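A.B. asks: below: sequence and its predicted model.
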Amino acid sequence: MSESQNNPAEEPIDTPEAETDPVVALAAARSAFEAERSEMRDRLMRSLADLENLRKRSEKDRREAAIYGGQKLARDMLSVFDNLNRALSLMDDSLREQQKGLAEGLDLTLRDLGNIFQRHGIERVAPAVGEQFDPHFHEAMFEAPVPGTKAGQIIQVVSEGFRLHEHLLRPAQVGVSSTPG
């Protein structure tokens, strides 16, 4: 015989009352139900959090698309603005007098384009001579030593820059003073 058969104290006692006791069965079912409920509640809370994050992300994307959706078009329109500005700056007083209608049409078109830019949040970045160079808004086209200036000061504005709300569409192109030698 094996050892377990020789020692009756180690043998498991098979009592049918333990298996069929309704209180024990009810406690086991309640414990299983509470564990499942806890798991389902956790999954529900995670799903709700995921949905809220998705809603916030979608709202942010929608707002940014409304604000910055036309960024490429705005960037392309800058050359039109520059060309109109350049055409007007090349007209001297005598030419303006000879071509009065053309000059007025160019002026009106440029003003209208400026108003459209303003309505849609496009702002000029127009530094002044003597301001400090800011790499976030300016692009240095050249550097030259100029007496009476400090290193990093703007000495010439080559072209204005533009930004759409906080995003820079094009930096202002400037000449910058180097340390005078």
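C.D. replies: Thanks, I have it.

A.B. asks: this structure: helices as residue ranges?
C.D. replies: All helices of the chain, identified by DSSP state H, fall at 3-6, 16-20, 22-68, 71-90, 93-98, 100-119.

A.B. asks: could I get those helices in CSV, plus columns for mean neighbour count and mean pLDDT?
C.D. replies: Bear in mind the C-beta positions are built from the backbone N, C-alpha and C, glycine included. Formatted as CSV, the helices of the chain follow (neighbours: other C-beta atoms under 10 Å; pLDDT from 0 to 100):
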stretch, mean neighbour count, mean pLDDT
helix 3-6, 8, 50
helix 16-20, 8, 58
helix 22-68, 10, 92
helix 71-90, 14, 90
helix 93-98, 11, 91
helix 100-119, 13, 93
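
A.B. asks: out of these, nearest to residue 130?
C.D. replies: helix 71-90 (21.8 Å; C-beta to C-beta).

A.B. asks: would you reformat the helices of the chain as CSV and include distance to residue 167?
C.D. replies: Listed next are the helices of the chain as CSV, based on distance: least, C-beta to C-beta, whole Å:
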stretch, distance to residue 167
helix 3-6, 81
helix 16-20, 72
helix 22-68, 6
helix 71-90, 7
helix 93-98, 36
helix 100-119, 14
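
A.B. asks: mind checking which of those helices is nearest residue 159?
C.D. replies: Counting by C-beta to C-beta, residue 159 lies closest to helix 71-90 out of the helices of the chain; the figure is 6.8 Å.
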